[in-house]
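In: After the sequence you'll find the predicted model.
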Amino acid sequence: MTRPGPRLWVTCAWPGRGVEPALHVEFERRFGLPLIEVWGMTEMCRVFSMEDEPRMIGTRAFGRAYPGCEVQVWDDQNHECPRGVAGEMVLRHSAETPRKGVLLGLSEQGRSDAGGLERWVVSHR
């Protein structure tokens, strides 16, 4: 009986502000492998990625919230934006334990304010 050899999975991860939509499609067509967009934040010790279907190729999507990492998008007044409206991404572990796993030494979120930021970590501000 012969054993099958190890399977080789090849992917390419692209961190940052997102892949240009036309380049994403062309990359996958040309090289025949998925280009997985990812986003991570040191302070949160979390990473998002778009490896699950539907991958939303060509949209600059980099992942979805999951248990242990809640995400919202807020406006300049710290109110949640409606879906599809641009704003600032904020993250937390959960409503019960918002700061679980957060590296507070790297985060400016040690302050408390009326806008609710003491319970969220701001992605960039």
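Out: It's in.
In: How about residue 92, nearest residue that isn't a chain neighbour?
Out: With CB to CB, 6 or more residues apart in numbering as the measure, residue 98 is the residue that lies nearest to residue 92, at 3.9 Å, once sequence neighbours are left out. Placement of C-beta: from N, CA and C, glycine included.
In: Over to residue 57?
Out: Spatial nearest neighbour of residue 57, chain neighbours left out: residue 24 (5.6 Å); criterion: CB to CB, 6+ apart.
In: and that neighbour, which of the three is it?
Out: Under the three-state scheme (DSSP: H, G, I helix; E, B strand; the rest coil), the conformation of residue 24 reads as helix.
In: doesn't residue 35 make contact with it?
Out: Yes. The pair residue 24 and residue 35 passes the contact test of CB atoms under 8 Å, sitting 5.7 Å apart.
In: Local confidence estimate at residue 87?
Out: Confidence at residue 87, expressed as pLDDT, is 90.
In: average pLDDT for stretch 93-102?
Out: For stretch 93-102, the per-residue pLDDT values average out at 85.
In: Pull the residues that contact it.
Out: For stretch 93-102, contacts defined as CB atoms under 8 Å, 6 or more residues apart in numbering pick out 43-46, 67-70, 92, 109, 119-121.
In: Looking at these, spot the one nearest residue 79.
Out: Checking these against residue 79 with CB to CB, the nearest one is residue 120 at 12.2 Å.
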